[in-house]
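Peer 1: just need the structure, nothing else, for what follows:
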Amino acid sequence: MPVSLLPPAGSTGRAILAMIGAVALFSTMNAMIKSLAGHYPLGEIVFFRALFAMVILLPVIWRAGGLATLRTDRPWGHVLRSIIGVISMTCGFTAISLLPLANAAAFAFTAPLWTTTLGVLILGEKVRWRRALALITGFTGVLIMVRPDGELLRQIAAGGEAALGCAFALASAALAACAMISVRRLSATERSSTIVFYFMLTGCFYGPLLAGGDFRLPTGHDTLVLVAIGLVGGVAQLLLTTAYRGAPVAVIAPFDYSAMLWATSYGFLIWGEVPDSRVMLGALIVVSSGIYITVREARLGQTPAPAPQLLTKMG
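Peer 2: Presented below is the predicted three-dimensional model:
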């Protein structure tokens, strides 16, 4: 009898492995995006990312009940969520093209901070003093990473790549938080696969519009990479869903931060990128506050359902 290296289905161990696999695949996808970002318009990359993720998603929809599962009484809710999501994705891909991978990953970790803040402002959620302190600590880490002084503003005005990359990365994380709020509302009546489908469908239409007349015919090698970006991202999303369904959020979510190890490794091995010590310090503070907020909310029973985790991932 063959011996499986994976824990039994539904076990916490299997969920953790699924999460680690999802993070590794998303990080690999980001590295592929960075390798092509200077050669193809970002709209074209968004298009391939969405189109070939559909190849992975459609069998899931078929098993869930087919086209009937795509019917919805909340079309405008899907429109709003999808537009916010694809803009967040575009901003994230732009940040990846302008920043070292580790820096882009560090800024992506600020999404839970924005989500908690928007939950208070939009949904009227209560923030106890511990969460408030964690938020303040997290945003202090952000300030350490970006140094919001006059020099940063001058660099943005002058079109400096690092400064623009920071701005796009923060915009991506903030918009991902807005998408999370939208998904919380949709999840009350909509299937996660339905929400993902309309998100990816929007990406298929939005990508060519963003690229405009600059849509370029890729070479054979680059076509394989573009297809792989979509397929790898689609598989990563399914693994992410498996992870959040198989174990409590407080157990799974901290493994998301292993993306920093992957991003640093890819950046160093492929592009010779060495993370700035200031960014690493700020990232450590952001990650610590993010883990605390996630675990705290899970213990209080306030953590969102698995669907939002699947749908707001930048990649």
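Peer 1: from here on, contacts and neighbour counts on C-alpha atoms
Peer 2: Fine.
Peer 1: mind checking pLDDT for Val235?
Peer 2: Val235 is assigned a predicted lDDT (pLDDT) of 93.
Peer 1: residues in contact with it?
Peer 2: Ala22, Leu25, Ala53, Ile56 (C-alpha atoms under 8 Å, 6 or more residues apart in numbering).
Peer 1: just the helices in the stretch 101-250 of the chain please.
Peer 2: Secondary structure of the stretch 101-250 of the chain by DSSP state H, counting those that start in this stretch: the helices cover 101-108, 111-123, 129-146, 150-157, 161-186, 192-211, 220-246, 249-252.
Peer 1: most packed of those?
Peer 2: The highest mean neighbour count among these, using mean count of other C-alpha atoms under 10 Å, belongs to helix 101-108: a mean of 27.
Peer 1: for Thr72, helix, strand, or coil?
Peer 2: At Thr72, secondary structure determined by DSSP: H, G, I helix; E, B strand; the rest coil is coil.
Peer 1: neighbours of it, how many?
Peer 2: 15 (other C-alpha atoms under 10 Å).
Peer 1: and the closest residue to it other than its chain neighbours, how far is that from Gly43?
Peer 2: Excluding the flanking residues, the one nearest Thr72 by C-alpha to C-alpha, 6 or more residues apart in numbering is Glu190, at 7.4 Å. Going from Glu190 to Gly43 by C-alpha to C-alpha, to the nearest Å gives 28 Å.
Peer 1: same question, Ile136
Peer 2: Relative to Gly43, Ile136 is positioned 35 Å away (C-alpha to C-alpha).
Peer 1: need the contact list for Gly165.
Peer 2: Thr94, Ala95, Ile96, Ser97, Leu98, Leu99, Ala104.
Peer 1: in which helix or strand does the closest residue to it other than its chain neighbours reside?
Peer 2: Residue nearest to Gly165 in three dimensions, not counting chain neighbours: Ala95, with 4.5 Å by C-alpha to C-alpha, 6+ apart. According to DSSP states H and E, Ala95 maps onto helix 75-98.
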